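K.L.:
structure of the sequence below:
(2 chains)
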2 protein chains.
Amino acid sequence: MALPGFRDFYPDDCAFRNAIFSKWREVAHRYGFVEYDGPPLEPLDLFTKKSGQEIVTQLYNFKDKGDREVALRPEMTPTLARLVTARHKDFKKPLKWFSIPQVFRYERQQKGRLREHYQFNCDIIGEAGLEADIELIALVIDTLRAFGLTEKDFVVRLSDRQFWTDFMNAKSIPEDQRYAFIQAIDKSEREPREKTAEKLGPLAAEVFAILDDASTGKSERLDTVETGLRHRGLQDYVKRDYTVVRGLAYYTGVVFEVFDRSGEFRAIAGGGRYDNLLKNLGDVDLPALGFGMGDVVLGEILKKNNSLKNLKKNNGIYVVIADENHRPKAMGLVQQLRDTFGLPVDYPLVPMKVGRQFQAAEDQGRKVAVIVDAETGKGQVVSVKNLASREQTIWSIEDLMKSEVLK
Amino acid sequence: MALPGFRDFYPDDCAFRNAIFSKWREVAHRYGFVEYDGPPLEPLDLFTKKSGQEIVTQLYNFKDKGDREVALRPEMTPTLARLVTARHKDFKKPLKWFSIPQVFRYERQQKGRLREHYQFNCDIIGEAGLEADIELIALVIDTLRAFGLTEKDFVVRLSDRQFWTDFMNAKSIPEDQRYAFIQAIDKSEREPREKTAEKLGPLAAEVFAILDDASTGKSERLDTVETGLRHRGLQDYVKRDYTVVRGLAYYTGVVFEVFDRSGEFRAIAGGGRYDNLLKNLGDVDLPALGFGMGDVVLGEILKKNNSLKNLKKNNGIYVVIADENHRPKAMGLVQQLRDTFGLPVDYPLVPMKVGRQFQAAEDQGRKVAVIVDAETGKGQVVSVKNLASREQTIWSIEDLMKSEVLK
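P.N.:
So this is what the prediction gives:
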């Protein structure tokens, strides 16, 4: 048994996971992002420095044999901050970096709740202008579009932390009440209205008006972002929604969360601008923004939508050895086919009835069988059978290696 | 700072690492292997059950918050055994499975010694015949060939644990001395001959004769394997060498280690048949064999040979915005190019002099610049400049989207 909350990836699960990773990489590359990675194990203080000591209760942390306080990474941003601040002078700004770390949390075990997941992290570092926010939000949209999801399937809820900071300034909310104010907004969707109203006090009516009708809240930043997305034809994927504040304290500007339209699942992705974090963590004053997208909720949605269902599509070759006397020739052929086509090529490791070999070819989802039998075994020819059409033809090996029939 | 012995992967390092992973996957797929994975953290007893309590001194192990003894995996085989024994009835035999886990060891820190690395693990499960050994050894050879290495660069040293078992039987070596005997052979290359001779006692001369001239040691198994590799044209990549015993106790048949011909590096890969392991670990009697290949030694060899050096080859598009009035049009174009070609498309996030934009395009290794300026900005046309040839031509956007010029 695996540890509670950890997943095994049997071949079908692994293919599904890897198909998600491939799409993530493909879209990030399309946007000119480059990949980085760091250790899954980091010094504990890398995480407490960012999130405070409270985080420790949620971490997979321990003391190692060298008496170091260490933790399995719960998120990638502190590692990113560490990498960037250490060598930021080596790189032209803005950095457009992504990573696909496995991250870990030790939370009280709930049924079906995982203690690890993979997270697609994309960050832009070194650009304060809103064009970077637009680029990042376009990336999160295009990532989901790459899986075949449309504006009918998901929505990016756009908000602005600075809007609320300005609001709190205008209302002269004291510093020590601001965290609670933001928390109240953050929880407003999941709590009865009376409870939120109680927390917000005399400001409740005004805040609810903004939450209920985002058009009453003015934000030039969001106007610019929405216009930028319109230039890219992506306007139907976003909706202004000031409820979104992204609980964590460190966001400074535009923030967003992505949800499925049906409301059935938890957030698909979330992120925003965190211009002060690198300065606070590594004393390097670089504006930054990013998002994270996990593989679990996305995977559930893709399964519901029947996306990625053709992973085991017909491909590759099965070499049928119909006459064991010609196994040596067949093995030379297997080698040549693998070298030439770079396709999966399989064959029976032991003598096997021809019918069972064709069955194996079918089980493996192969497209073509190349048959070496008593007849073809003698010369430089083989039979080729298309496993879908059942058509069978004789080929010279030389012609076969140049043809497209196997692909 | 990362923890001692852990690597950071800045974008260039990550590209190099991922290029290794891609080749590994590509060749494994070519051989009809499918990928699996498991958790990096496992119950400690999964590892002690296989390797005994001694292994604990080398493990990254700890007690988790649920009071479980756990460890970061030092190798993949126990996880593979766990997965296969739990569900072996769901899969047709033989299984041809591979994985690319990161594995961890907490050894006394030496200069430059890593505490983690990635390991390409390939295993065939459920086939006792030697054709499986041949297939596995061909795979290890073709994996290295895929990186451009030839028979001049590396050699697979083939041996046979059963040969030594038979030898010990013939000489009536008592059970309790057999482990020491195998260990003496294992260390014979790295120790002065006198020391090995002392360990081997009266058998020393006979053993040395076999170690010095492998042709004096008879093994039908190795004869068969060599013949099988010859049928595939891979005979020049192997050399019989009975020194190879693979320290670990659990190997049962053909074993092998891969070294660079120059002798400059540690082993590139190693493996062999371990027919009793699944029975011992999971009470499922399935023959099995496999190898592991790390990314570190391989990476050093590839760097020395200047392989994988063209990772940052010219590709993708840079959209030069020469007139900021036309940024909206340019952004629509960026979106369209990314959608249509799936290539990296980058552009200036902020207004920038045209010369600096071309410089950025060059820094990023882009192949083509698409230029939106005061002239082309007005209509459905753009300038396209090949950054190598410096040739510049005007294209209608419609034609451009259908052409091959950007690829």
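K.L.:
show me what contacts A:Asp8?
P.N.:
Counting by Cβ atoms under 8 Å, 6 or more residues apart in numbering or on different chains, A:Asp8 makes contact with A:Ala2, B:Tyr36, B:Asp37, B:Gly38, B:Pro39, B:Arg82, B:Leu83. To be clear about C-beta, it is placed using only N, CA and C from the backbone, and glycine gets the same treatment.
K.L.:
brain fart, A:Pro328
P.N.:
With contacts defined as Cβ under 8 Å, 6+ apart, the neighbours of A:Pro328 are B:His231.
K.L.:
that one should be in a helix, yeah?
P.N.:
Yes. According to DSSP: H, G, I helix; E, B strand; the rest coil, A:Pro328 belongs to a helix.
K.L.:
any idea which of the contacts of A:Asp8 the model trusts least?
P.N.:
pLDDT is lowest at A:Ala2 among those; the value there is 91.
K.L.:
residues near the residue lying closest to A:Gln235 once chain neighbours are set aside, how many?
P.N.:
Counting by Cβ to Cβ, 6 or more residues apart in numbering or on different chains, the nearest residue to A:Gln235 once its immediate chain neighbours are dropped is A:Leu229, at 5.3 Å. Residues lying near A:Leu229 (other Cβ atoms under 10 Å in any protein chain shown) number 23.
K.L.:
hmm, A:Leu229 is touching A:Ala138, no?
P.N.:
Yes. Contact criterion Cβ atoms under 8 Å: A:Leu229 and A:Ala138 qualify, at 6.5 Å.
K.L.:
what about stretch A:383-403, near chain B?
P.N.:
No. Residues of stretch A:383-403 contacting chain B under Cβ under 8 Å from any Cβ of the partner chain: none, with a closest distance of 13.8 Å.
K.L.:
what about the helices in the stretch 1-150 of chain A?
P.N.:
A:11-30, A:44-51, A:77-87, A:130-146 (DSSP state H, counting those that start in this stretch).
K.L.:
comparing those by mean pLDDT, which bottoms out?
P.N.:
Lowest mean pLDDT of those: helix A:44-51, a mean of 91.
K.L.:
got the contact list for it?
P.N.:
The contact list for helix A:44-51, computed with Cβ under 8 Å, 6+ apart, reads A:55-56, A:59, A:61, A:69-71, A:73-75, A:77-79, A:81-82, A:248, A:250, A:277, A:280-281.
K.L.:
quick one: the helices in the stretch 151-300 of chain A?
P.N.:
In the stretch 151-300 of chain A, the helices defined using DSSP H, counting those that start in this stretch lie at A:161-170, A:175-187, A:193-200, A:204-212, A:220-231, A:277-282, A:295-304.
K.L.:
local confidence estimate at the most centrally placed residue in chain A?
P.N.:
In chain A, the centroid-proximal residue (Cα atoms, centre = their mean) is A:Phe120; its distance is 3.6 Å. Note on A:Phe120: pLDDT of 98.
K.L.:
near chain B, which residues of the stretch 151-300 of chain A show up?
P.N.:
Residues of the stretch 151-300 of chain A lying close to chain B (Cβ under 8 Å from any Cβ) are A:Gly228, A:His231, A:Arg232, A:Gly233, A:Leu234.
K.L.:
greatest separation within the residues you listed: which pair is it?
P.N.:
Spatial extent of those (Cβ to Cβ) is set by the pair A:Gly228 and A:Gly233 at 11.2 Å.
K.L.:
what's the first helix or strand after the helix or strand containing A:Met331?
P.N.:
Taking DSSP states H and E as the criterion, A:Met331 maps to helix A:327-341. Heading C-terminal from helix A:327-341, the first helix or strand you meet, by DSSP H and E, is strand A:345-346.
K.L.:
let me see the contact set for A:Asp241.
P.N.:
Here A:Asp241 is in contact with A:Arg157, A:Leu158, A:Ser159, A:Ala214 (Cβ under 8 Å, 6+ apart).
K.L.:
quick one: residues contacting the third one.
P.N.:
Contacts for A:Ser159 were tallied using Cβ under 8 Å, 6+ apart; they are A:Leu222, A:Arg240, A:Asp241, A:Tyr242, A:Thr243, A:Val244, A:Val245, A:Val254, A:Val255, A:Phe256.
K.L.:
so the closest residue to it other than its chain neighbours versus chain B, what's the distance?
P.N.:
Nearest non-adjacent residue to A:Ser159, counting by Cβ to Cβ, 6+ apart: A:Val244, 3.8 Å away. In this view, A:Val244 and chain B are 23 Å apart by Cβ to the nearest Cβ, to the nearest Å.
K.L.:
count the residues that sit near A:Glu404.
P.N.:
Neighbours around A:Glu404, by other Cβ under 10 Å: 6.
K.L.:
which helix or which strand is home to it?
P.N.:
With DSSP H and E as the test, A:Glu404 turns up in no helix or strand.
K.L.:
quick one on the thing from earlier: okay, A:Gly228 and A:Gly233: which has more neighbours?
P.N.:
Shown here are A:Gly228 and A:Gly233; by other Cβ under 10 Å, A:Gly228 has more neighbours (21 against 14).
K.L.:
tally up the residues packed near the spatially closest residue to that one that is not a sequence neighbour, please.
P.N.:
Spatial nearest neighbour of A:Gly228, excluding adjacent residues (Cβ to Cβ, 6+ apart): A:Ile134 at 3.5 Å. Neighbour count for A:Ile134, taken as other Cβ under 10 Å: 23.
K.L.:
can you pull the contacts of A:Ile134?
P.N.:
So A:Ile134 contacts A:Thr224, A:Val225, A:Gly228, A:Leu229, A:Arg232, B:Met331 (Cβ under 8 Å, 6+ apart).
K.L.:
angles on the backbone of the residue lying closest to A:Thr376 once chain neighbours are set aside, please.
P.N.:
Leaving aside its sequence neighbours, A:Thr376 sits nearest to A:Val382 (Cβ to Cβ, 6+ apart; 5.1 Å). Main-chain torsions, A:Val382, degrees, to the nearest 10: phi -140, psi 160.
K.L.:
thought A:Val382 was touching A:Val370?
P.N.:
Yes. In this structure A:Val382 lies within contact range of A:Val370 using Cβ under 8 Å: 5.2 Å.
K.L.:
out of the helices of the stretch 1-150 of chain A, which gets nearest to A:Lys309?
P.N.:
Proximity to A:Lys309 (Cβ to Cβ) singles out helix A:11-30 among the helices of the stretch 1-150 of chain A, at 9.5 Å.
K.L.:
re the thing from before, more crowded one of A:Val382 and A:Val370?
P.N.:
Neighbour totals were compared for A:Val382 and A:Val370, and A:Val370 leads with 27 against 24 (other Cβ under 10 Å).
K.L.:
what sits against the more buried one?
P.N.:
A:Ile317, A:Tyr318, A:Val319, A:Val320, A:Leu333, A:Leu337, A:Val382, A:Ser383, A:Val384, A:Lys385, A:Leu400, A:Leu406.
K.L.:
among these, which are in helices?
P.N.:
Counted as lying in helices by DSSP state H, out of the contacts of A:Val370, are A:Leu333, A:Leu337, A:Leu400.
K.L.:
just give the nearest non-adjacent residue to the second one, would you?
P.N.:
Put plainly, it is A:Leu337. A:Val345 (4.7 Å).
K.L.:
and the nearest residue to A:Ile321 once chain neighbours are set aside, how many neighbours?
P.N.:
Nearest residue to A:Ile321, sequence neighbours excluded (Cβ to Cβ, 6+ apart): A:Ala330, at 4.7 Å. Applying other Cβ under 10 Å, we find 24 residues neighbouring A:Ala330.
K.L.:
rewinding a little: for the residue nearest to A:Thr376, list the residues it contacts.
P.N.:
Taking Cβ under 8 Å, 6+ apart, we find A:Val382 in contact with A:Leu333, A:Val370, A:Ile371, A:Val372, A:Thr376, A:Ile394, A:Trp395, A:Ile397, A:Leu400.
K.L.:
tell me what it is bridged to.
P.N.:
Residues in a beta bridge with A:Val382, per DSSP bridges, are A:Trp395.
K.L.:
can you give me the neighbour number for the residue lying closest to A:Asn325 once chain neighbours are set aside?
P.N.:
Leaving aside its chain neighbours, A:Asn325 sits nearest to A:Gly377 (6.7 Å; criterion: Cβ to Cβ, 6+ apart). Using other Cβ under 10 Å, the number of residues around A:Gly377 comes to 20.
K.L.:
good, we can wrap up now.
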